[in-house]
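Peer 1: give me the fold of what follows.
(chains A, B, C, D, E and F)
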4 protein chains.
Amino acid sequence: MGRTRTNPAPTAPATAKGRRTHDALIAAGREIIEEHGWAGFTTEAVTQAVGVSYGTFYTYFESKDDLLRKIVQAAAGQMITASLVPDTPDDPYARIVEANRRFLAAKGKAAKVLRMVEHGAYLDDNLRSLLLEVREFYVARSEEGIRRLQAAGLANPDLDPRLTAIALGGMVEQVAVIIDELREPLDTEKMVDHLSRLWASAIGLRIPDTKTQNPA
Amino acid sequence: MGRTRTNPAPTAPATAKGRRTHDALIAAGREIIEEHGWAGFTTEAVTQAVGVSYGTFYTYFESKDDLLRKIVQAAAGQMITASLVPDTPDDPYARIVEANRRFLAAKGKAAKVLRMVEHGAYLDDNLRSLLLEVREFYVARSEEGIRRLQAAGLANPDLDPRLTAIALGGMVEQVAVIIDELREPLDTEKMVDHLSRLWASAIGLRIPDTKTQNPA
Amino acid sequence: MGRTRTNPAPTAPATAKGRRTHDALIAAGREIIEEHGWAGFTTEAVTQAVGVSYGTFYTYFESKDDLLRKIVQAAAGQMITASLVPDTPDDPYARIVEANRRFLAAKGKAAKVLRMVEHGAYLDDNLRSLLLEVREFYVARSEEGIRRLQAAGLANPDLDPRLTAIALGGMVEQVAVIIDELREPLDTEKMVDHLSRLWASAIGLRIPDTKTQNPA
Amino acid sequence: MGRTRTNPAPTAPATAKGRRTHDALIAAGREIIEEHGWAGFTTEAVTQAVGVSYGTFYTYFESKDDLLRKIVQAAAGQMITASLVPDTPDDPYARIVEANRRFLAAKGKAAKVLRMVEHGAYLDDNLRSLLLEVREFYVARSEEGIRRLQAAGLANPDLDPRLTAIALGGMVEQVAVIIDELREPLDTEKMVDHLSRLWASAIGLRIPDTKTQNPA
DNA sequence: TATGAATGAGATTTCATTCAT
DNA sequence: AATGAATGAAATCTCATTCAT
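Peer 2: Take a look at the predicted model:
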């Protein structure tokens, strides 16, 4: 009454038990969003899933929004980690294939919640920035790759590397989404092959024969 | 959403004024979803945007779900209608450019509401089918175009026409959606040019010189 | 989620019924505060007292704070109205007596809620200003009266009119509070007589004999 | 406030450190009430201000009510102690000035918390009695002073000593409280001078010339 | 003694929907 | 047909208090 009272921001859990509960709430929240959608994502459902009471929620999170932010941060981090291409073969086409394969795996498995947030427009400015950062990570990586291929005379120099990265990245991203929404089952490996060949042809990169011969 | 309803089903508006109000509610609802997300999509916001009272809503719609269904139907219809390429020049590349230009010009928004519905998990079976139909419309059209070009010896015969249509269609759809989410302003016509060239190169279609010379 | 949604401010009631409910909620709210204190002042108690449901509250008020503001505004207005001294006799002492009598009556009866708000420190800036305005109304009136008496040679010219008004006004205000908080019953009319004589003597105004002879 | 309690009654702190924490909690509680009102007065805020954990609170206090009781007791004691006029000059007017100066100097704050408790209706019978005792202490002292002056022929014998003490005591108390609520800065010493002169004139006590000449 | 995680009753607020006028 | 007051289930959030460690 007459005074906006903001809960003091909960501090990081001090004990092992506290950290366990904190992490369990984040995991349960994400699972609930992915399985039951926004409508199922209530504080009651989340706390019940973990087996604690209403009030415990606010021991760890300022608000439901706060939990959502932390769920998204965790998912974004996992997705980027999973997408890194650790070994760097000389063959540029092999790199494209590997990047696409990893992206599809990461996006499909780990990031349903990211798509839901993105398109659900449950976006405060923090979340919006976070999602843009994730996209930028992928775009920048592709842009740099294209630029290098152009410099090496292996890709069409007329293409704007950034626009091209946005478009081709969008292709892969959208396919990742469609793949588990479409009713028809798509062969993932075959899709990786097609995406890679389309990507390579689009930028004028020559595709090694072996791959072309055997499209899965 | 999804509450039990007991009120009588509204009939189609009898008067011109009635139709105007009915259509205005659909338009306002869509605008609100696009601009403020699900959280802003309340009966109060919709009726207030149109300037009628709470009760009037139920003169025209059975429920909020009913309005949502009609918003999606309208958006889907508009999207398909606006995407048809009426004049059919012989030049396949010109057809691709024109299709992309139309899609980008008018369809970002419609695509946005459709995707929000899709990922917002506000999906009864009716809506799910409707969305699949819309996608199928585009995929089928592209697939058929690719197949014809392959038959004419103008496109790479090794590509699976359906997978290719899904991937390249996804590229355009994704770009259409993110184009106004990105922080950086993108030149639409330049993007149309890039999308078209990437699409053509990807399937092995030769791009006329005039275009290649002048990439915006 | 992810978006602060502020209820659109409720508009003024459009119908007579609406106005009745609106006013009844304000009246009930005030009664509850005065009789049961802050702890009893819940939206549930207020709506139940009026015989409407939870939700109806928010048809008329943005929040509980909003209701409190309106209760205080109404109480302040009533208090000032009740304190006005309509007839203006020439006799300055008679004016003082009348002002004190009215103030005691108004403060005691009408304004328990003002005291509770004031000392309860349930104060947003709006409320604080409002209360200061009420006090200023009384101080300014007394100050002007003292200044006139000084000009007429009827009051001690060495006194600062404003400080004097604040002090003597405080005396009357505080007595009004004590009167219904003290366990011992005080004769109001006798108190009015004393306050008036103390006030007059304090500023050096001569008190007519008739009053002095008969102190209640 | 007023919840059912089942925990064991804490005993008096045994160690010096214990006493320090105990006293710090009382001091912090009072400060919070005065500065942030009832809304800010939470066990969390109090313990955090002192730098101990939630649970520690219940090492020293049975409940929040218990703390409040002890805050009020401490404030009342401090107020009375600080108000005593130790040296007793013969000059009655000098005594009045000194009493007012002391009251204003130290008592604004203590008076504030006492009045907040009074009007906040957080009153069990213990607290109510305590507050009445504090007031009675002041009223009785002033009453006795007035009576003596009347007996000595130095004050108006027509005044009821008790009513007069209540009224003039109220004046000083009220000024002490509002002095730091008003937007305008008031010179405390000038106010002491005015209060003393008003008090003296009101009871008909002659004011020595030196004071009258130099009103700050 | 001190800690801080856990509790849960209770408060506020939202909003799709109904219905008397 | 239109209005807008009324409904109430359901959601979020608060905070004094307990208790295992």
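Peer 1: which bits of chain A sit near DNA strand E?
Peer 2: A:11, A:13-15, A:17-18, A:21, A:52-56, A:58-60 (CB under 7 Å from any atom of the strand). From N, CA and C alone the C-beta is placed, and that goes for glycine too.
Peer 1: report the lowest-confidence entry in those residues.
Peer 2: Lowest pLDDT among the residues of chain A next to DNA strand E: A:Thr11, with 87.
Peer 1: for chain B, see how far away that one is.
Peer 2: Distance of A:Thr11 to chain B, given as CB to the nearest CB, to the nearest Å: 29 Å.
Peer 1: mind checking how far that residue is from chain D?
Peer 2: Distance from A:Thr11 to chain D, by CB to the nearest CB: 11 Å.
Peer 1: ok, now A:Ser196?
Peer 2: Between A:Ser196 and chain D the computed distance is 57 Å (CB to the nearest CB).
Peer 1: model confidence over the helix or strand containing that residue, on average?
Peer 2: In this structure, A:Ser196 is located in helix A:188-203 according to DSSP states H and E. For helix A:188-203, mean pLDDT rounds to 97.
Peer 1: give the buried residues for it.
Peer 2: By neighbour count with 16 or more other CB atoms under 10 Å in any protein chain shown, helix A:188-203 contains the buried residues A:188, A:191-203.
Peer 1: stretch A:63-82 and chain B in contact?
Peer 2: No: between stretch A:63-82 and chain B, judged by CB under 8 Å from any CB of the partner chain, nothing touches; the nearest distance is 11.0 Å.
Peer 1: residues contacting the residue in chain A positioned nearest to DNA strand E?
Peer 2: For chain A and DNA strand E, the shortest gap (CB to the nearest atom of the strand) falls at A:Gly55, measuring 1.5 Å. The neighbourhood of A:Gly55, defined by CB atoms under 8 Å, 6 or more residues apart in numbering or on different chains, contains no residues.
Peer 1: and it, what helix or strand is that in?
Peer 2: With DSSP H and E as the criterion, the answer for A:Gly55 is helix A:54-60.
Peer 1: next one: A:Asp158
Peer 2: Applying DSSP H and E, one finds A:Asp158 in no helix or strand.
Peer 1: how about A:Met171?
Peer 2: Going by DSSP H and E, A:Met171 is part of helix A:161-179.
Peer 1: which of the residues of chain A next to DNA strand E lies closest to chain B?
Peer 2: A:Tyr58 (21.2 Å; CB to the nearest CB).
Peer 1: just give the number of residues close to the closest one.
Peer 2: Other residues within reach of A:Tyr58, judged by other CB atoms under 10 Å in any protein chain shown, total 15.
Peer 1: doesn't A:Pro10 make contact with it?
Peer 2: Yes: using CB atoms under 8 Å, A:Tyr58 is in contact with A:Pro10, at 7.2 Å.
Peer 1: before we move on, back to that, also compute the angle for the helix holding A:Met171 relative to helix B:161-178, please.
Peer 2: Between helix A:161-179 and helix B:161-178, the angle comes out at 120 degrees (axes from the mean of the first three to the mean of the last three CA atoms, to 10 degrees).
Peer 1: good, we can wrap up now.
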